[in-house]
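Asks: take a look and give me a structure for this.
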Amino acid sequence: MPPKTVGGSAGKASKLMGLIDSRLRVVLVDRRVLVGTFLAFDKYLNLVLSSCEETRLQTTSSSGSTTSTEQRRSLGLVILRGENVVSVTVEGPAPVEKKARVTKNVGG
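Replies: Just a heads-up that it's a prediction; the model follows:
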């Protein structure tokens with residue numbers, strides 16, 4: 001069975017697998033920036049982020065002067081379409097201890 005490929009190469013998939021549970025900064029085509037915990041991806045490079053926060057830079061111009069304000073909002077769980085992603089940067093490493101996963105007790 002051949003290795004699964006992401007974006008045309010098996011190397012990209014293994015790099016992304018190593019980033020699961022890391023904090024990522026994702027820049028979108030509309031210049032929004034999302035920071036969240038990386039949970040999953042697929043062959044189209046769609047991304048799933050949890051505990052996600054969006055940051056936008058809002059510029060307003062009046063009377064010849066331009067002012068920029070940064071707007072932040074909490075989004076929670078986000079699914080990003082891969083074609084909207086411009087760049088992905090690691091903000092922080094995966095936690096040392098992963099959360100305990102819910103498992104089903106079998107026979108007992």
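
Asks: from here on, just use CA atoms for contacts and neighbour counts.
Replies: Fine.

Asks: which helix or strand contains the residue nearest in space to the middle of the chain?
Replies: Among the residues of the chain, the one closest to the centroid is residue 49, at 4.6 Å (CA atoms, centre = their mean). Secondary structure from DSSP states H and E places residue 49 in strand 47-62.

Asks: who's the residue nearest to the centre of the chain bridged to?
Replies: residue 38, residue 78 (DSSP bridges).

Asks: OK, contacts around residue 63?
Replies: With contact set as CA atoms under 8 Å, 6 or more residues apart in numbering, residue 63 has no partners.

Asks: now the helix-or-strand element of the chain with minimal mean pLDDT: buried residues?
Replies: Ranking every helix and strand in the chain by mean pLDDT, DSSP states H and E puts helix 10-17 at the bottom, with a mean of 78. Buried residues in helix 10-17, counted by 16 or more other CA atoms under 10 Å: residue 13.

Asks: next structured bit after it?
Replies: Scanning forward in sequence from helix 10-17 by DSSP H and E, the next helix or strand is strand 23-28.

Asks: spatially nearest residue to residue 32, not counting backbone neighbours?
Replies: residue 56 (5.1 Å; CA to CA, 6 or more residues apart in numbering).

Asks: ugh, wrong one, I meant residue 41
Replies: Leaving out its chain neighbours, the residue that sits closest to residue 41 by CA to CA, 6+ apart is residue 47, at 4.6 Å.

Asks: correct me if wrong: that neighbour contacts residue 36.
Replies: No. Using CA atoms under 8 Å, residue 47 makes no contact with residue 36, being 10.5 Å away.
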